[in-house]
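A.B. asks: Sequence plus predicted model, see below.
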Amino acid sequence: MAIVRNPAQTYYATGGDHGSYRYIPLSEIIDSFAATYVGKGKICDNVVLNDITFHAIRGLQELSYDTLKSTKDWEVEIPSTLVLVMPLDYINYVKLSWSDSNGIERIIYPTSKTSNPLNIEETVESWGGFTTDPAETPAEGLDFTEASDTNANYNAQSVNDIYNQDADAVDDTLGDLLGGRYGIDPQHAQSNGSFFIDESAGKFHFSSNIAGKTVILRYISDGLAAMASNDQAIDLTQSMVPKLAEEAIYKHILYGVLSARIGTPAGLLAQFKKERFAETRKAKLRLSNIKLEELTQILRGSSKQIKH
């Protein structure tokens, strides 16, 4: 007689997908939508699967930016090059920080005072044009190099620079210059370091005092699982949607499919657009995870008059 093992025992005994019950694959949502909404006599007749898949992916992307909080964390030691490549599924960063010896995260602030421009080795001729050394580069007129002098100077800046010191160190440096810190740019009035993003190259550049530090990058993904292949095909079975937002995805698909169809009554579109907004708002409230006890604790911290 075969022994049937309890699924709960397997779940707790192995290092499997703990907490995965909270999610549903996007592929299952697509199949459920096709079975529920598509067919003769239903709201979506003559709708192909490719249309449903497209609007399901778009709905997941839009919800991931503001509602689903699809954030990921990277922890990496910054090398001497002071460069960190953006993750494969990176959309936008939430926070950059470095971890000290006590495990406390120190926020790294962005700077707008520098960049990584394309360097052009040039020689100005008497006629004022650009030329290059024929021995180094074919006569294209300009010699483009990867190294930027601006970025090199930024990387080489000393942590003892007056704008990278903490408040006490700045006071010591300025001595008795009354009002010497008046008007200082807040992005430089800290000692945690700074960074800027080279959007065209897809890289983060850090100030020199970040070298060797453990940096935590928290960033937004679009919720889609990209395969490690050249075409980066989307694996819908690995793209997970919180069950608390499942209905919101259905409404995104429904509105998207009907809005792309010619002849859909304007009143019907307005109704489904309103339902999409309502379900998105409901999902955001559910996922905000606000608890009465936690809210009360926050209020107690703001006012000593609030009692149990």
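C.D. replies: In hand now; what should we look at?
A.B. asks: Quantify the burial of the closest residue in space to Asn192 that isn't next to it in sequence by counting its neighbouring residues.
C.D. replies: Of all residues beyond its chain neighbours, the one nearest Asn192 is Arg106 (4.6 Å), with distances taken as C-beta to C-beta, 6 or more residues apart in numbering. To be clear about C-beta, it is placed using only N, CA and C from the backbone, and glycine gets the same treatment. Look at Arg106: counted by other C-beta atoms under 10 Å, it has 15 neighbours.
A.B. asks: So what touches the helix or strand Arg106 falls within?
C.D. replies: Arg106 is part of strand 105-107, with elements assigned from DSSP states H and E. When contacts are defined by C-beta atoms under 8 Å, 6 or more residues apart in numbering, strand 105-107 is touched by residues Lys95, Leu96, Ser97, Trp98, Ser99, Asp100, Asn192, Ile216.
A.B. asks: Quickly run through the sheet partners of that strand, with directions.
C.D. replies: Here strand 105-107 has these sheet partners by DSSP bridges: strand 92-99 (antiparallel).
A.B. asks: Next, the buried residues of the partner strand.
C.D. replies: Burial within strand 92-99, assessed by neighbour count using 16 or more other C-beta atoms under 10 Å, is assigned to Tyr93, Leu96, Ser97, Trp98.
A.B. asks: for stretch 284-301, same thing?
C.D. replies: Lys284, Leu287.
A.B. asks: Format the CA atom coordinates belonging to it as CSV.
C.D. replies: The C-alpha trace of stretch 284-301 is given here as CSV (Å, rounded to 0.1, in the frame of the first residue of the first chain):
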residue,chain,number,x,y,z
LYS,A,284,-3.4,48.9,-3.3
LEU,A,285,-5.3,49.1,0.0
ARG,A,286,-5.0,45.4,0.6
LEU,A,287,-1.3,45.3,-0.2
SER,A,288,-0.5,48.3,2.0
ASN,A,289,-0.9,45.9,4.9
ILE,A,290,-2.0,48.5,7.4
LYS,A,291,-2.7,47.0,10.8
LEU,A,292,-4.6,48.8,13.6
GLU,A,293,-2.0,48.1,16.2
GLU,A,294,0.8,49.4,14.1
LEU,A,295,-1.1,52.6,13.2
THR,A,296,-1.8,53.1,16.9
GLN,A,297,1.8,52.8,17.7
ILE,A,298,2.7,55.4,15.1
LEU,A,299,0.1,57.8,16.5
ARG,A,300,1.4,57.2,20.1
GLY,A,301,4.8,58.3,18.9
